[in-house]
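Visitor: 3D, please:
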Amino acid sequence: MRERIPARSLRAQLILSFILLILLAAAAAGIPAIWLLQAQLSRQAWAQIDQGVQAAQALYVAEEKRVADMATLAAQRPTLNTLLAEGDREALSGYLGELQEGAGFDLASVCVDGREIVSYAVEPFGGTPCAWSGPPSYFAIPEGSGPAQVWLLAAHPFPADASVPGQVVIGQILDDEFAAQMQAQTGLAHNLWVNGWLAATTLADGGESLLAAPRQDVEPEAGANRTIFTLDGARFYAARIPLEEARVEAEVVLPVAGITATQRRSIWTLIWGIAGTAVVASGVGALLARRFSRPLVQLARSADAISRGELDHEIVVDDSFREVLGLAHTLEKARVDLKEILLRLQKERDWADHLLESIVEGIVILDRERRITYFSAGAEQIAGRGRESALGRPVDEVFKSTDDESPFSQQVPQPGQRVSVPVAFEPGQPVTLSVTRARLAPAEVAEGGEVLVFRDISEEEALHRLLGHFMGSVAHEFKTPLSALAASIELLLDQAHELSRAELNELLMSLHLGILGLQTLVDNLLESANIEAQRFGVAPRACDLSQIVGEAAQTMEPLLRKYDQHLAVEMPAAIPAVYADPRRTVQVLVNLLSNASKYGPTDAEIGISVLPGDGTVRVQVADRGAGMPPRLREQVFRRFVHPESKGEHEKAGAGLGLSVVKAIVEAQGGQVGVEERVGGGSVFWFTVSVADGR
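Guide: Numbering: from 1, shown residues only. You can find the predicted model right below:
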């Protein structure tokens with residue numbers, strides 16, 4: 001009895017497929033939404049930090065102006081000049097106190113001839129105020145010599161008509177109270193740091209806890225020194241503002257606990273919404289799967305019968321769907337057509353099986369005397385001759401072996417093996433064939449023969465040889481600098497304490513040059529691989545050509561200095577902006593300068609010249625090497641081609657640099673070439689387009 005296909009198995013598979021597709025669709029929609037939500041909240045937090053940084057910078061500028069104005073006002077007070085003339089220090093001290101109460105500053109010092117006459121300060125000042133002069137700046141007392149403090153000081157001299165020459169120094173201490181004022185005005189917590197020590201803070205758990213808080217650096221943007229840190233389990237975003245070089249820094253801090261909670265609630269809401277949608281959609285999918293599975297099971301039974309060769313029963317499906325009925329009709333037509341085809345192809349099957357296995361190759365059938373009885377179209381194309389000229393002839397006459405001692409028939413492999421055989425067809429160049437052999441004995445043939453299947457692998461063999469040469473060159477290019485690097489590092493490890501400064505500089509220069517050469521080789525290998533894989537591309541934009549030339553010259557300066565070579569750059573005063581990829585154009589110049597150094601003599605000049613033209617700018621690199629033969633000027637920009645000219649310190653090279661140059665320049669819409677230099681040497685040039693306001 002024939003086993004029935006259980007209908008529930010198909011239904012279960014449909015249900016599972018529906019659920020899986022729904023879950024995948026939900027994940028495809030939900031995961032990006034969650035990611036975008038997280039990114040948006042993070043961007044909003046950093047935007048708030050950026051606003052706080054701008055507000056804090058403006059407030060510090062205003063505070064500096066206030067202190068400077070107070071110093072100017074105090075120095076010009078007539079009362080102060082009168083008290084100085086009278087020499088009454090007690091009255092002068094009282095006057096400064098009254099002035100402080102009215103103006104709200106924290107330090108006032110009156111200095112005559114660089115010495116402090118009288119001073120008033122709400123906090124102990126750890127320095128000499130009279131040593132201060134000029135516009136407002138910051139005085140920091142780092143941790144170690146006392147509590148960390150930051151003062152904002154400004155000095156102003158007495159008027160020229162004052163009875164006593166001197167100056168007034170006004171100061172404002174930037175303490176926790178000042179930080180609280182900054183927080184009130186910016187809406188963000190505020191810290192002040194001195195050489196890494198905390199001087200003021202508005203965070204409740206400041207002090208040692210804030211110093212010990214682990215920090216995670218964030219990619220700096222727009223000059224902001226951004227960090228993320230955790231304090232007592234709470235997460236904060238922060239950005240620092242340098243006030244006095246890198247010694248004194250202000251920091252605005254945003255607690256993100258509320259943002260994180262909002263983010264978490266939004267994510268869970270989205271997850272529950274996706275889950276609910278998936279459940280409802282899965283239920284609908286289950287109902288649809290149950291409805292669709294019944295006619296499909298009937299079709300599956302009919303298809304199973306056809307697969308077993310039962311082609312005599314008509315296919316009938318009890319269903320009202322138009323599509324299912326159409327599928328049943330198509331399957332029924334296929335059953336009838338298949339039955340007819342099987343009857344027609346029954347006698348030809350055995351013979352077709354032998355030929356279809358290698359129909360794309362050249363096929364030759366030989367009789368017992370090794371004469372050709374069949375010559376396929378593929379064999380005609382490979383051999384370059386028609387089948388009429390080959391049929392009936394011995395195989396050794398058609399396939400002439402290049403080995404005079406061993407004819408082609410003796411080099412044919414045993415069945416199941418493959419060999420490479422060099423042959424020469426008439427007419428034509430020698431080729432290399434990959435040959436396999438099989439016994440051929442169809443039922444209609446009384447005496448069996450043999451079949452040879454072959455293909456032309458001449459290009460593959462040439463490619464293998466070229467690849468071997470290329471791998472050897474690359475291995476040499478890596479081995480030489482790596483050996484030099486290893487020797488230099490070994491010498492540094494063993495004798496670093498015994499080497500002089502000059503010897504250390506020489507070793508470090510050798511290491512730098514080796515790394516530069518390896519970097520250039522790796523860049524060329526990567527670009528060549530991208531070109532071969534058709535992934536190569538440029539990103540041109542309007543850029544400054546002088547900066548590109550300067551970067552390339554700076555990169556090559558150590559190598560040129562090693563060989564006592566001089567770089568002369570000639571550029572007009574006004575160079576128009578060019579439309580090019582800056583990074584790749586620097587790579588073009590580095591490759592051309594490297595070749596000029598490699599094939600040029602020691603203690604020679606290498607020139608870079610920039611020549612603006614009509615819509616383009618031409619850049620030339622000129623050397624004093626042996627020059628380039630005219631026959632190589634077109635081929636030198638191809639891969640694996642090496643110039644034949646010899647330099648005093650020539651290396652083998654991988655033959656990729658100039659091909660990468662050509663690919664980059666042409667991708668940017670430019671041209672590249674090489675010319676003979678007057679007086680000896682070569683001039684390699686390329687062009688880039690003028691930006692024209694793009």
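Visitor: after the least confident helix or strand in the chain by mean pLDDT comes which helix or strand?
Guide: Least confident helix or strand of the chain, by mean pLDDT, DSSP states H and E, is helix 349-356 with a mean of 52. Note on helix 349-356: by DSSP states H and E, the next helix or strand toward the C-terminus is strand 362-366.
Visitor: Can you give me the domain assignment for this protein?
Guide: Per the record, the chain has its domains at 352-456, 538-690, by automatic domain parsing.
Visitor: between those domains, which one is nearest to residue 121?
Guide: domain 538-690 (51.2 Å; CB to CB). Where you see a C-beta, it was placed from the backbone N, CA and C, and this is true even at glycine.
Visitor: Next, the distance between the ends of that closest one.
Guide: Taking CA to CA, to the nearest Å, the first and last residues of domain 538-690 lie 16 Å apart.
Visitor: same question for that domain, mean pLDDT?
Guide: Throughout domain 538-690, pLDDT has a mean value of 83.
Visitor: and what of stretch 499-519?
Guide: Per-residue pLDDT over stretch 499-519 has a mean of 68.
Visitor: hey, C-alpha coordinates of stretch 393-411 in PDB?
Guide: C-alpha atoms of stretch 393-411 as PDB (Å, rounded to 0.1, in the frame of the first residue of the first chain):
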ATOM      1  CA  ARG A 393      44.400  10.900 -39.500                       C
ATOM      2  CA  PRO A 394      46.700   9.600 -36.700                       C
ATOM      3  CA  VAL A 395      46.400  11.700 -33.600                       C
ATOM      4  CA  ASP A 396      50.200  12.300 -33.600                       C
ATOM      5  CA  GLU A 397      49.900  14.100 -36.900                       C
ATOM      6  CA  VAL A 398      47.200  16.500 -35.700                       C
ATOM      7  CA  PHE A 399      48.600  16.900 -32.200                       C
ATOM      8  CA  LYS A 400      52.300  17.400 -32.800                       C
ATOM      9  CA  SER A 401      54.300  17.200 -29.500                       C
ATOM     10  CA  THR A 402      57.000  19.800 -29.000                       C
ATOM     11  CA  ASP A 403      59.000  17.000 -27.300                       C
ATOM     12  CA  ASP A 404      60.800  15.300 -30.300                       C
ATOM     13  CA  GLU A 405      61.500  12.200 -28.200                       C
ATOM     14  CA  SER A 406      58.000  11.600 -27.000                       C
ATOM     15  CA  PRO A 407      55.000  11.800 -29.400                       C
ATOM     16  CA  PHE A 408      51.600  13.000 -28.200                       C
ATOM     17  CA  SER A 409      50.100   9.500 -28.000                       C
ATOM     18  CA  GLN A 410      52.700   8.400 -25.500                       C
ATOM     19  CA  GLN A 411      52.000  11.400 -23.200                       C
END
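Visitor: Can you list the buried residues in it?
Guide: Going by neighbour count (16 or more other CB atoms under 10 Å), the buried part of stretch 393-411 is 395, 398, 399, 401, 407, 408, 411.
Visitor: residue contacts, the closest residue to residue 171 other than its chain neighbours?
Guide: Distance criterion CB to CB, 6 or more residues apart in numbering; nearest residue to residue 171, sequence neighbours excluded, is residue 107 at 3.1 Å. The contact partners of residue 107, taken as CB atoms under 8 Å, 6 or more residues apart in numbering, are 119-123, 125, 129, 151, 153, 169-173.
Visitor: could you redo the last one with a cut-off of 7 Å?
Guide: 121, 125, 129, 151, 170, 171 (CB atoms under 7 Å, 6 or more residues apart in numbering).
Visitor: Go through the residues you listed and say which is closest to residue 370.
Guide: Closest approach between those and residue 370, by CB to CB: residue 151, at 106.3 Å.
Visitor: Secondary structure class of that closest one, three-state.
Guide: strand (DSSP: H, G, I helix; E, B strand; the rest coil).
Visitor: Is it bridged to anything, and to what?
Guide: Counting by DSSP bridges, residue 151 forms beta bridges with residue 139, residue 173.
Visitor: Give me the outermost residue of the protein relative to its centroid.
Guide: Ranked by distance from the centre of the chain (CA atoms, centre = their mean), the top residue is residue 86, with 74.2 Å.
Visitor: after the helix or strand that residue 225 is a member of comes which helix or strand?
Guide: According to DSSP H and E, residue 225 maps onto strand 225-231. Remark: after strand 225-231, the chain's next helix or strand is strand 234-244, criterion DSSP H and E.
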